[in-house]
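Engineer: got a sequence here, can you build the structure:
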Amino acid sequence: MAREIDRRAARTRKALHQALMTLMLRKGYEALSVQDIVDEADIGRSTFYAHYTGKEDLLRSGFQMLREELKEAQSAVRAAAGTSHDDPLGFSTAMFEHAARYADHYRTMIGARDGAVAENEIRLILSEMVRREMPRTLHGDRMPRDFVVQFIVGAFLTTLNWWFERKPGLLPSEVDVMFRSLVLDGLSPLVDDRHR
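Structural biologist: Residues are numbered from 1 along each chain as shown. Predicted structure coming up:
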């Protein structure tokens, strides 16, 4: 009986998350109400409130699921490529691939006029991932660790926006190579090439 209730609760949560994403694509996050979400999911308000305190709680819980999905994807990518835990950009391949699979949702959440809550959550997830992956010795004492983390996360989000807006036909692996090259090597190789 408990298993049946767990499955039912999981189905309800999934339906609510799907309704939220569908409506965000259609109307934007700020324009949504809880009533819109329950109508789209075909679920009663009391059922909604049995699971979530409001639409922001629903959105944030979706990011917890994203966090878990990305950890699994990151582990799979690392195992397939044979990379170590000391790669400060170990998150990027899995994240670009995830973004490609759910491109419409990412477009809605990142860079949108009313997507500040979503973008902040994605920034937090990425910051956690980078902190975990970044070797302690990276940049030594020359730069504060938190600055390096925020630089990498900011560069990633900028790359994601550029990819979706300007070059949506690029493969996730191609975008990942460009991102890694620019972040790890910086601009010096490009500047050096210009002066030859």
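Engineer: now stretch 122-142: average pLDDT?
Structural biologist: Averaged across stretch 122-142, pLDDT comes to 74.
Engineer: just stretch 64-79 next, same as before
Structural biologist: 73.
Engineer: tell me the domain boundaries of the protein?
Structural biologist: 1-52, 60-194 (automatic domain parsing).
Engineer: so in the chain, where's the weakest helix or strand by average pLDDT?
Structural biologist: When each helix and strand of the chain is scored by mean pLDDT, DSSP states H and E, helix 188-194 comes last, with a mean of 53.
Engineer: circling back to that earlier point, in CSV, list the domains of the chain along with mean neighbour count.
Structural biologist: Glycine gets a C-beta too; all of them are placed from N, C-alpha and C. Formatted as CSV, those follow (neighbours: other CB atoms under 10 Å):
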stretch, mean neighbour count
domain 1-52, 15
domain 60-194, 15
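Engineer: can you tell me which of these the model trusts least?
Structural biologist: domain 60-194 has the lowest average pLDDT among the domains of the chain, namely a mean of 77.
Engineer: any idea how far it is from the chain center?
Structural biologist: 8 Å (CA atoms, centre = their mean, to the nearest Å).
Engineer: got a list of what the spatially most central residue of the chain touches?
Structural biologist: Nearest to the mean C-alpha position of the chain, counting by CA atoms, centre = their mean, stands residue 122 at 4.6 Å. If a contact means CB atoms under 8 Å, 6 or more residues apart in numbering, then residue 122 has 63, 66, 109-110, 157 as its contacts.
Engineer: next step: those restricted to helices.
Structural biologist: Counting by DSSP state H, the contacts of residue 122 place 63, 66, 109, 157 in helices.
Engineer: I'd like the distance between the closest residue to residue 42 other than its chain neighbours and residue 41.
Structural biologist: Nearest residue to residue 42, sequence neighbours excluded (CB to CB, 6 or more residues apart in numbering): residue 15, at 7.6 Å. Using CB to CB, to the nearest Å, residue 15 is found at 4 Å from residue 41.
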